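Asker: Predicted model, plus sequence, below.
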Amino acid sequence: MSEDRATVTIEVDGREIQAKAGDMLINVTDAAGIPIPRFCYHKKLSVAANCRMCLVEVENVPKPLPACATPVNDGMKVYTRSPKAIAAQKGTMEFLLINHPLDCPICDQGGECELQDVAMGYGGDVSRFVEAKRVVPNPDLGPLVSTDMTRCIHCTRCVRFGAEIAGIRELGATGRGEHMRIGTYVEHALNSELSGNIIDVCPVGALTSKPFRFRARAWELTQFDGIAPHDAVGANIHLHVQNGKVMRVVPKENEAINETWISDRDRFSYEGLYSSDRLMQPMLKDNGAWREVEWEEALEAAVNGLRAAMGSDSAQFGTLIAPTSTVEELYLAQKLTRGLGSGNIDHRLRQTDFRSLGDHPPFPWLNGAIADLEDVDAALVIGSHTRKEQPLLAHRLRKAALKGAYVALLNPFEVPLSHDAEQIAVSPASMVAELAAIAKAAGVKATGDLKKRIDGAKPDDRHKAIAQRLRDAGHGRILLGNLAAAHPDYVLLQALASELAQTVGAGLGYLPVAANSVGAAIAGAEAGRLPGWKRTDAAALDAGAMLEKGLRTYLIAGIDPELDCANPAGAVATLAGAECVVALTAYRTPTLEQVADVMLPMALFAETSGTYVNGEGTWQGARGVVAPVGKARPAWKILRVLGNLLGLEGFDYESADAVRSELEAECEGFEPAAGEIELGDAALMLQNDGLVRAGDVPIYAADTLVRRAGALQHTPDATTGFVSLNPTEAARAGLADAREVRVTQGENSVTLPLEIDPAVPDGCVRIPAGVPGSAGLGVPFGAVGLEKG
Amino acid sequence: MANEVCFRTLDLDRPWLLEQYQSRGGYEVLSRILKEQTPPSEIIEEVKKSGLRGRGGAGFPTGVKWGFINRDAPGEKYIVCNSDEGEPGTFKDRDILRYNPHQLIEGMAIAAYVIGARRGYNYIRGEFWEPYERFEAALEEAREAGFLGDDILGSGFDFELHAHLGAGAYICGEETALLESIEGKKGQPRFKPPFPAQFGLYGRPTIINNTESLASIPEILRQGGDWFRELGVENSGGTKLFAVSGNVNNPGVFEVRMGMPFAELLELAGGMKEGRQLKAVIPGGSSAPVIPGAQMMDLTMDYDAIQKAGSMLGSGAVIVLDDSNCMVKVLERMSYFYHEESCGQCTPCREGTGWLYRVVHRIETGQGRPEDLDLLDDVATKIPGRTICALGDAAAMPVSGMLRHFRDEFAYHVEHGRCMVGGNGNGNSN
């Protein structure tokens, strides 16, 4: 629409400016660098025109006009600083201030307050208002956002953010006139995974960060750039540092990546840096007892343990590294592992189906720019709790949906969305059949096992509609999410999705599991893949095989084995049985104390330089902005020293940049290819008529850092584990009146609270993974038995 | 001379009944239009010719407004009647709903035909329960008689009309807040443009007219635009309902010809109560600036005359004040109303109406300061024209008007901490 609008010339304060007809005046003056004060206007939100601060004089118009809501037209003459404009602006300023408290000295917004700033230019020094000021009670919005509603100037940015961006209208303005209040009506904690953004959009100190409350003044903070380490967006952030500590995180604008938003996970996870279980000093296990040691001693012990794995026994050594690690860490970990003669390295810790997809599978990335997601006409998402798994990618999909895109989801339970969508929710055991039905409806021709699946499928109207909409779409996208990646028939889902994508002419993309899942693949931290995602036929065990077979020696980096591995009970048992486990870890946990022999304290995000490759393949580097706590060291340095001490070649890096440069050189010529799937043996693994577990990873359980972010762990999305069933299944299992349920999965069993949830389909029981309550169980998808606990 | 248009059936027994309305030619105009398939443009021309101006207060020519809608554009269009009569002093539309609901229904059906609407709403003030019930009963009669519904009188024209009872917010009388309210949202005015004719109810082209305007339509079309216009005076065609209240012997609603001298209207209303002196008149609802009594006695009741005197005819709500009224008290009551009814959306109105009320209240209770008069004047100039809707203007104009004509009374209050007129200042004759 912007393309076919005429260019017009307007005059602002005597200066000629070219603009597109119909553009709002404030956009034109902003682009030209002409300041106009404003409060309710926000470039990402709809125009409200309620604050009346941006009033300007327009020639031949008797009343001053709000620049935010006045479209420009040719020849228009605007005066932003004329006596009439200034009088209107100052008038509004006075009205805004009469009831605003003079509590700037104790207000967290002080020093970065839009009202304060504008009042410097337009406010008077003494108030003419001698009456008592308005006082407004503060609603409790939960652990993230602090409220001081007496300071509210009713701009409704937060309300519009909820309605328009987050897509769930949690805040609203109730009451009239002076009694107008912003709140949730019935008091409740905010539920949106993007809720923290209302802190940024609030121009005053009415909504501020609760974890940051009263911690520091804005002018005491030093701002550094960073990359959020939690999902495949790699949101650009500013880290605010005081006295060597990260005090808070706010978004850094990057239209292509995160626009102006960040998720609550990105904003509040920094609290995990200062969790009480941070490992401050290297530790060594002596005859079953842990003692703090100096680095030299710890490194020596680690090297001795690893050296034993060299040579003929190297196949008995393996490395498990978190996909949240930096590219540098991932690259050095694979270099070290392969230097020791082993191909056993993997970051795909939550994956369970590693069957072959042939020699040239598609590269597991988004397959396009993040911003392109909002331009799709039709999307099919397979296995993703989009909002809680990929908050900002879900926001892009929402934008597409609002523009009319058709979005369909195939999941083991119905997920709450912020847009219209067709949702197919079936037991995990039926997901392959459902996808096969869509493929059949689309006319997919396949061979072998896949053909068997498609031939047996029975497409209904919904499957046909999805196939048709994908086929009709000019820009269609099929996306495989984390619930697909953890599925025991992942290769079947991928193969069907790939065939479907080809048949309907849609792109096939992956919603990567973690911040650096793509980076890990590129860095070669994957079984069978060298840096640059080059294939290797050298013997290699994937993450699943390493933990199933039981190796003699393990190097683990950045993981809590009982929470980060697909089969937590199995992983802990295997590691406990190993001869030597060297753990690079930021945290000291009972499980690590049980399974590890050496714990080397590693730095976390913000404490170390490093690079993240996001879902669209953009390399984003971040500097360490604070010193690591205690004696922790950046993991890339620990790996470098280990390499040196082990006498391996090529570990003489002087900086993280040097590591990155080496990897970049190895990646030359690498292009993420669409690939081709050749399915070998692909029998249906998950066949079960009884109850099947679906184990999603809750948003605040995704990685070691966020699991220790105090405030996030008190939100409604935080959980230590539960069992949820629909009422029919609960009754069938004799659990209608049960409060707790004994869950048995194979040889393991745990007791968890029961939640009745109609969003869970028949045949399915939702038991989240990655949380302490289910750490005693096995893989996230599999048959389980339930009895009253 | 009186009761020629909206009240032309007032003399009948139970004039709100369909048969009574029909006994005076009711629904004949609609029937004729549908039978002859009169081109809508002809009807618009006739309405323009009549000089009918919006009777809700703004006085915008009704025929011109109807012309804003392209009736042939695809999709739904709406006709909405504004019966949310909330301006203090105004109670004229209530009597149309009570005594002549069918004429309003006929007017709305004709308007719907003209703009191509198939659905209409009559938004009725929340407190008007009895008029609402009577209007609903009339709707039922009209539906049964085939004047509403599908294929009206076999013409192929469909029109369904619904009554919508408000919930008591004055702001919902503002046309876009009214639309929000019908849509089930909080009653807050929308920013314009776009105007309702482009983006109205549910985002569709919509015409919103006042009850009296719409109820005038059948008679205008029956007797002709020229006939109507010539009932009144230059720029103020036709008759007008005046709701006369205050210190008069016979308060009520009077339909008279535009341009009637105020003195005659006062006579119709029975003259001043207890023979007291006329002090001032608020000629067009509480937001209209006050006019001193002596000046008012020389004015005629039409748009131009009242405007020349520095006020406005508004909705035709004439509040008559005798010399027992304390103007500070009067203004305090009005300022309280606007403070209470501001929707809270725009800063100047949300904050300014409260400020005005508090200062006037302080003066009224003997706590005024000499600088308060200038402060009031100044604050009252900083609200009008700077808000989304006109409520801010409505709150400020009475303040400016009172200070213009009765500043000495305010100064006396400040200086002596009490009232100049003695007594309780509430208008003793009440």
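Answerer: Perfect, I can see it now.
Asker: Strands of chain B, residue ranges please.
Answerer: When secondary structure is read from DSSP state E, chain B shows strands at B:78-83, B:119-124, B:160-165, B:206-210, B:239-246, B:252-257, B:260-261, B:278-282, B:291-292, B:300-301, B:317-322.
Asker: now could you export just the CA positions of the fifth one as PDB?
Answerer: If I follow you right, that is strand B:239-246. This file holds the C-alpha atoms of strand B:239-246, laid out as PDB (Å, rounded to 0.1, in the frame of the first residue of the first chain):
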ATOM      1  CA  THR B 239     -40.100  23.900  14.300                       C
ATOM      2  CA  LYS B 240     -38.100  23.100  17.400                       C
ATOM      3  CA  LEU B 241     -38.800  21.300  20.600                       C
ATOM      4  CA  PHE B 242     -37.700  23.400  23.500                       C
ATOM      5  CA  ALA B 243     -37.300  21.800  26.900                       C
ATOM      6  CA  VAL B 244     -37.900  24.700  29.300                       C
ATOM      7  CA  SER B 245     -36.900  24.100  32.900                       C
ATOM      8  CA  GLY B 246     -35.900  26.100  35.900                       C
END
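Asker: okay if I get the strands of chain B as CSV plus distance to residue A:249 and mean neighbour count?
Answerer: C-beta: built from backbone N, CA, C; applies to glycine. As requested, the strands of chain B are arranged in CSV below (distance: least, Cβ to Cβ, whole Å; neighbours: other Cβ atoms under 10 Å in any protein chain shown):
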stretch, distance to residue A:249, mean neighbour count
strand B:78-83, 49, 28
strand B:119-124, 49, 24
strand B:160-165, 49, 18
strand B:206-210, 47, 26
strand B:239-246, 62, 24
strand B:252-257, 65, 21
strand B:260-261, 72, 18
strand B:278-282, 59, 25
strand B:291-292, 63, 19
strand B:300-301, 67, 22
strand B:317-322, 58, 26
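Asker: Which one, of those strands, ends up nearest to residue A:519?
Answerer: Evaluated over the strands of chain B, closeness to residue A:519 peaks at strand B:206-210, with 55.0 Å, by Cβ to Cβ.
Asker: related to what we said a few turns ago, including distance to chain A and mean pLDDT, could the strands of chain B go into CSV?
Answerer: Shown next, in CSV, are those (distance: least, Cβ to the nearest Cβ, whole Å; pLDDT from 0 to 100):
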stretch, distance to chain A, mean pLDDT
strand B:78-83, 19, 98
strand B:119-124, 18, 98
strand B:160-165, 18, 97
strand B:206-210, 20, 97
strand B:239-246, 25, 97
strand B:252-257, 29, 97
strand B:260-261, 32, 97
strand B:278-282, 22, 97
strand B:291-292, 24, 97
strand B:300-301, 27, 97
strand B:317-322, 22, 97
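Asker: can those strands go into a markdown table with extra columns for distance to residue B:57?
Answerer: What follows is the strands of chain B, written out as a markdown table (distance: least, Cβ to Cβ, whole Å):
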| stretch | distance to residue B:57 |
| --- | --- |
| strand B:78-83 | 10 |
| strand B:119-124 | 15 |
| strand B:160-165 | 20 |
| strand B:206-210 | 8 |
| strand B:239-246 | 12 |
| strand B:252-257 | 16 |
| strand B:260-261 | 19 |
| strand B:278-282 | 13 |
| strand B:291-292 | 16 |
| strand B:300-301 | 14 |
| strand B:317-322 | 9 |
